[in-house]
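Asker: structure for the following, please:
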Amino acid sequence: MKSNKRIIPKAQIKLQNILQRLLKEPILYSEFFELLEKANDTIYEDPELEFELLISNGLPLDFEGEYVCLKTLKTPINEQVFCIVDIETNGGSPKKGYQIIELGAVKYKNGEIIDKFESLVFAKEIPPYVQEVTKINLKMLENAPRLEKVLQDFKIFLGDDVFVAHDIKFDYTFISDSFEKYNLGKLLNRKLCTIDLAKRTIEAEKYGLSSLKELLNIDVSNHHRAYYDALTTAIVFKKCLENLDFNKIKTVEDLINFSKSDNVINNQQKKD
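Answerer: Take a look at the predicted model:
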């Protein structure tokens, strides 16, 4: 006789589920490795190797006694290094055969630029409209390093810093896909978009980088060149932080959550 009892399949554990848990609380060391062992989307069967991979891909993990935790959950904003990034590309996605032609970044901590990264990248093709916007041509890229080398160097430069960009989805996804294409892992760094943060801290009609640059009187030339746009973004980021209430927003995760909150200035003005 068949039973009428329904069989409910066990929930599949994924790395994202573990990360969501870490965003709420530290996880006991032994339990964390058990979860890694059960996750069905890991690269390695050995949880200790998977743990090392997560760290090498930029996830800011740390030990706190017998617990594994996210550094950004407790790190004060003024103690965090933010890596502010911009790229120029010859098309929309590495998955469609396009690539980075210039990568620029600055490291920002507690109001100061503490390091920088800047490199053109060898490429065989640049569409005319990209050349017109960026002023980058094939002649300029003839002796530039190959993309794999630039990505390797940038991965080391980035470490587990918080990845910041103006329109984070494009830069973060493009670089992560490029990493995977060259077997360099993928990006797991915590990330923050300065468009989102600016909408909650700066009153403006438009939030594109050129519009904010004009509004805030930012004196940086060479718009649409990676390093200079990263530098401009760093100044926008600094202006955003100056308008924060640090009594309420104290840690890095507080800041990331605030950037995704409902506290959009223009929406609030409409309500008022």
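Asker: quick one: low-confidence ranges for the stretch 51-200 of the chain?
Answerer: The stretch 51-200 of the chain contains no residues with pLDDT under 70.
Asker: any chance you could map the helices in the chain?
Answerer: Ranges of helices within the chain are 15-22, 29-38, 47-56, 128-134, 138-141, 147-158, 168-181, 194-199, 209-215, 226-242, 252-259, 265-271, based on DSSP state H.
Asker: looking at the ones you listed, which is nearest to Glu118?
Answerer: Closest to Glu118 of the helices of the chain, according to Cβ to Cβ: helix 226-242, at 4.1 Å. Every residue, glycine included, has its C-beta placed from N, CA and C.
Asker: let me see the contact set for Ile265.
Answerer: Ile265 makes contacts with 199-203, as judged by Cβ atoms under 8 Å, 6 or more residues apart in numbering.
Asker: buried ones only from those, please, as a PyMOL command.
Answerer: Buried subset of those, written as a PyMOL selection, criterion 16 or more other Cβ atoms under 10 Å:
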select buried, resi 199+200+201+202
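Asker: neighbours of the closest residue in space to Gln152 that isn't next to it in sequence, how many?
Answerer: Excluding the flanking residues, the one nearest Gln152 by Cβ to Cβ, 6 or more residues apart in numbering is Leu184, at 6.7 Å. The local packing of Leu184 (other Cβ atoms under 10 Å) involves 18 other residues.
Asker: picking up where we left off before, could you dump the helices of the chain to JSON lines with distance to Glu112?
Answerer: Converted to JSON lines, the helices of the chain look like this (distance: least, Cβ to Cβ, whole Å):
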{"stretch": "helix 15-22", "distance to Glu112": "29"}
{"stretch": "helix 29-38", "distance to Glu112": "35"}
{"stretch": "helix 47-56", "distance to Glu112": "26"}
{"stretch": "helix 128-134", "distance to Glu112": "28"}
{"stretch": "helix 138-141", "distance to Glu112": "30"}
{"stretch": "helix 147-158", "distance to Glu112": "17"}
{"stretch": "helix 168-181", "distance to Glu112": "22"}
{"stretch": "helix 194-199", "distance to Glu112": "17"}
{"stretch": "helix 209-215", "distance to Glu112": "20"}
{"stretch": "helix 226-242", "distance to Glu112": "9"}
{"stretch": "helix 252-259", "distance to Glu112": "17"}
{"stretch": "helix 265-271", "distance to Glu112": "27"}
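Asker: now Phe258: closest residue in space that isn't a chain neighbour?
Answerer: With sequence-adjacent residues excluded and distances taken as Cβ to Cβ, 6+ apart, Phe258 is closest to Ile249, at 5.3 Å.
Asker: so what's that neighbour up against?
Answerer: If a contact means Cβ under 8 Å, 6+ apart, then Ile249 has 77, 255, 258 as its contacts.
Asker: identify, from these, the entry nearest to Glu132.
Answerer: For the contacts of Ile249, the nearest to Glu132 is Leu255 (36.5 Å; Cβ to Cβ).
Asker: the closest one and Asp177, how far apart?
Answerer: Here Leu255 is placed at a distance of 26 Å from Asp177 (Cβ to Cβ, to the nearest Å).
Asker: could you do Thr251 as well?
Answerer: 30 Å.
Asker: not counting sequence-adjacent ones, nearest residue to Asn110?
Answerer: Nearest residue to Asn110, sequence neighbours excluded (Cβ to Cβ, 6+ apart): Asn78, at 4.4 Å.
Asker: tell me if I'm right that the one you found and Glu112 touch.
Answerer: No: if you go by Cβ atoms under 8 Å, Asn78 and Glu112 don't touch, sitting 10.5 Å apart.
Asker: before we move on, the earlier item: and the residue nearest to Asn110, how many neighbours?
Answerer: Counted by other Cβ under 10 Å, the residues lying close to Asn78 total 11.
Asker: that one and Phe51: what is the separation?
Answerer: Here Asn78 is placed at a distance of 29 Å from Phe51 (Cβ to Cβ).
Asker: equivalent analysis for Lys107, please.
Answerer: In terms of Cβ to Cβ, Lys107 sits 25 Å off from Phe51.
Asker: again with Leu19
Answerer: Relative to Phe51, Leu19 is positioned 13 Å away (Cβ to Cβ).
Asker: who's more crowded, those two?
Answerer: Higher neighbour count among Leu19 and Phe51: Phe51, with 18 against 15, using other Cβ under 10 Å.
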